[in-house]
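Chemist: Predicted model and sequence follow; I will ask about them next.
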Amino acid sequence: RARQKRSLLRVSFNKTMKVSMQLSLPSFVFVTLSFASLFLQHVSSFTVPVTRNRSSFSWNERKMVSSWNSPLSSAATYNRNNHLIQMSASATSQVQHIRLEDPATRTNSNDMKLSGFKSELVKFGMIAFIASMCVALPITLFPLEVMYRLKLIDRRKREWWSVRTGQFCARWLLRFIPFCSVDVVRGTNDDKDKEPQPSIWVCNHTSMLDIFILLAADKKFRGKHKRPIKIVYWKQLEDNPITKLLFTQSGFIPVDMAANGSGTDNEYDMSSFKTLLKQTKQAFEDGFDIGILPEGQLNPTPEKGLLPCFSGAFTLARMARRPIQMMALHGVHKLWHPDETIGMMPTGRNVKIRVYPNGRSYKSSDEFLDTFTRVVGQFGATGRDLEEPMLSRVLDGTDWKERQEQLKNKKDAE
């Protein structure tokens, strides 16, 4: 009888969870935000052409660091203060050709600057979206925590449903409060299998809104059959009670790092990497993918390309024997810029998400960093891919192999 009662109680909680996810959030936001949403949609077509100053961009070669500042790194040398003092020779030889395409030389009909009135309107919508997430997440995640505490669901189900709940909240709130337009660009050979291969996803980091945009558009740009992602994040983000609730209940993986400003060197707590490896292995076993931001922090100048990247994603992929899949964000920084002098002063509302097809395994950290910098760095800065067939050659490793052979022949000739 006790087992029957417990089974009935579990079924009841499951039904309650589904109903709360499907009904409570739309009803909550409909009354308070419907008029603002309609007004925002009505004026969203009014734009003013942007005027770019070519001199404001520095499109020089971006040098990249070919090692993660951790015990896992093998391609760099650090001094006693854990600062990079030497790069691997192979990585240094590969950065000379990397040049981002200057967007000022090409026109883009979607690259428009907001007028003062519309900028304030988008800012209002963005703040309303963030505030609504702060209310919706505790409401929708609470039943899962109760079910977990009553031992009606295990840890894996709590984390799985928590990620799905966060995606549901972000997706529906963005529909009710369309303060930005999200355009998803997917590859023609994207994996649509119902049982996709476990992967490590890498992406650039341009704004504090990145996580909410990715949650909202995950179903659209990765497909409904994809495994949910556990993101590796900076542990100090738990100082915010809302992000702490979402990250911890979803089982996201924290990494300890000293507080620093955007664009400054990261100082990691090396003891946290053992926990990272253990939780990464467990995440794959539980049916999750891993998401990593190789830049390691917010990029204060995303329009100029990527910050020096770390090869932690390559190291995890090699140890777990999983492929790496790349995606890129463009335009999120125009909503909430990482530069504190700009901050929440929207200059654009068009966001692009690019998902590159067919993840693969890389033979070296230098190859991974070169591919990530050229492909994701280009799209993140300009909103456009490399021209074909160069894009395909970079993604499949053909261009890397040819350049390696050229370097080898050059050295032999000398």
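Modeler: Cool, the structure landed. Numbers count the residues shown, from 1 in each chain.

Chemist: Flag every buried residue along the biggest helix by length in the chain.
Modeler: Under DSSP state H, the helix in the chain containing the largest number of residues is helix 116-149. Within helix 116-149, the residues scored as buried using 16 or more other Cβ atoms under 10 Å are 118-119, 121-126, 128-130, 132-133, 135-137, 140-141, 143-144, 147-148. No exception for glycine: its C-beta is placed from N, CA and C like everyone else's.

Chemist: Who are the packing partners of the next helix or strand after it?
Modeler: Later in the chain than helix 116-149, the nearest helix or strand by DSSP states H and E is helix 155-176. Helices and strands touching helix 155-176, by 3 or more Cβ pairs under 8 Å, 6 or more residues apart in numbering; DSSP states H and E, are helix 25-43, helix 116-149, helix 210-222, strand 229-234, helix 241-249.

Chemist: try 7 Å
Modeler: helix 25-43, helix 116-149, helix 210-222, helix 241-249 (3 or more Cβ pairs under 7 Å, 6 or more residues apart in numbering; DSSP states H and E).

Chemist: Can you check which of those gets nearest to residue 302?
Modeler: Proximity to residue 302 (Cβ to Cβ) singles out helix 210-222 among the helices and strands packed on helix 155-176, at 10.5 Å.

Chemist: Identify the residues contacting that closest one?
Modeler: Applying Cβ atoms under 7 Å, 6 or more residues apart in numbering, the external contacts of helix 210-222 come out as 133, 166-167, 170-171, 174, 182, 184, 186, 329, 332, 351, 353, 355.

Chemist: quick revisit: which one, of the helices and strands packed on helix 155-176, ends up nearest to residue 361?
Modeler: Of the helices and strands packed on helix 155-176, nearest to residue 361 by Cβ to Cβ is helix 210-222, at 19.5 Å.

Chemist: could you check the angle helix 241-249 makes with the closest one?
Modeler: For helix 210-222 against helix 241-249, the angle by axes from the mean of the first three to the mean of the last three Cα atoms, to 10 degrees is 50 degrees.

Chemist: Could I get the average pLDDT for helix 210-222?
Modeler: Helix 210-222 shows an average pLDDT of 90 in the prediction.

Chemist: and if you look at stretch 388-395?
Modeler: Stretch 388-395 carries an average pLDDT of 92.

Chemist: Also stretch 183-201?
Modeler: Rounded mean pLDDT across stretch 183-201 is 73.

Chemist: What is the end-to-end distance of it?
Modeler: 19 Å (Cα to Cα, to the nearest Å).

Chemist: what ranges do the strands span in the stretch 301-414 of the chain?
Modeler: Shown for the stretch 301-414 of the chain, the strands assigned by DSSP state E, counting those that start in this stretch span residues 324-330, 350-355.

Chemist: Reduced to three states, what does residue 179 come out as?
Modeler: coil (DSSP: H, G, I helix; E, B strand; the rest coil).

Chemist: Is it in contact with residue 129, as I believe?
Modeler: Yes. Contact criterion Cβ atoms under 7 Å: residue 179 and residue 129 qualify, at 5.8 Å.

Chemist: Run through the chain and note the low-pLDDT ranges.
Modeler: Where the chain drops to pLDDT under 70, the residues are 1-112, 188-195, 257-271.

Chemist: show me where the stretch 301-414 of the chain has helices.
Modeler: In the stretch 301-414 of the chain, helices defined by DSSP state H, counting those that start in this stretch lie at 312-320, 365-382, 390-395, 398-413, listed in chain order.

Chemist: Determine which stretch of the ones you listed is the most buried.
Modeler: Sort these by mean neighbour count, taking mean count of other Cβ atoms under 10 Å, and helix 365-382 sits at the top with a mean of 25.

Chemist: So which elements touch that one?
Modeler: Against helix 365-382 (3+ Cβ pairs under 7 Å, 6+ apart) you get helix 89-92, strand 324-330, helix 390-395.

Chemist: Now render the ones you listed as CSV, adding distance to residue 302.
Modeler: Below are the helices and strands packed on helix 365-382 laid out as CSV (distance: least, Cβ to Cβ, whole Å):
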stretch, distance to residue 302
helix 89-92, 22
strand 324-330, 8
helix 390-395, 20
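
Chemist: Select, out of these, the one closest to residue 113.
Modeler: Of all these, strand 324-330 comes closest under Cβ to Cβ, at 15.2 Å.

Chemist: Next, the residues that contact the closest one from outside, please.
Modeler: 199-204, 206, 210, 313, 317, 352-356, 359-360, 362, 368, 372, 375-376, 379-380, 383.

Chemist: and the direction of that strand versus that of strand 350-355, what angle?
Modeler: Counting by the same axes, to 10 degrees, strand 324-330 lies at 170 degrees to strand 350-355.

Chemist: Begin at 38, not 1, for the rest of this chat.
Modeler: All right, first residue 38 from here; so that's strand 361-367.

Chemist: Would you mind getting the angle between strand 361-367 and helix 349-357?
Modeler: Interaxial angle of strand 361-367 relative to helix 349-357 (the same axes, to 10 degrees): 160 degrees.

Chemist: Put the alpha carbons of strand 361-367 into PDB.
Modeler: C-alpha atoms of strand 361-367 as PDB (Å, rounded to 0.1, in the frame of the first residue of the first chain):
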ATOM      1  CA  ILE A 361      33.600  19.400 -30.600                       C
ATOM      2  CA  GLN A 362      30.800  21.300 -32.200                       C
ATOM      3  CA  MET A 363      31.000  25.000 -32.800                       C
ATOM      4  CA  MET A 364      28.400  27.800 -32.700                       C
ATOM      5  CA  ALA A 365      28.700  31.500 -32.800                       C
ATOM      6  CA  LEU A 366      26.700  34.600 -31.500                       C
ATOM      7  CA  HIS A 367      26.500  38.000 -33.100                       C
END
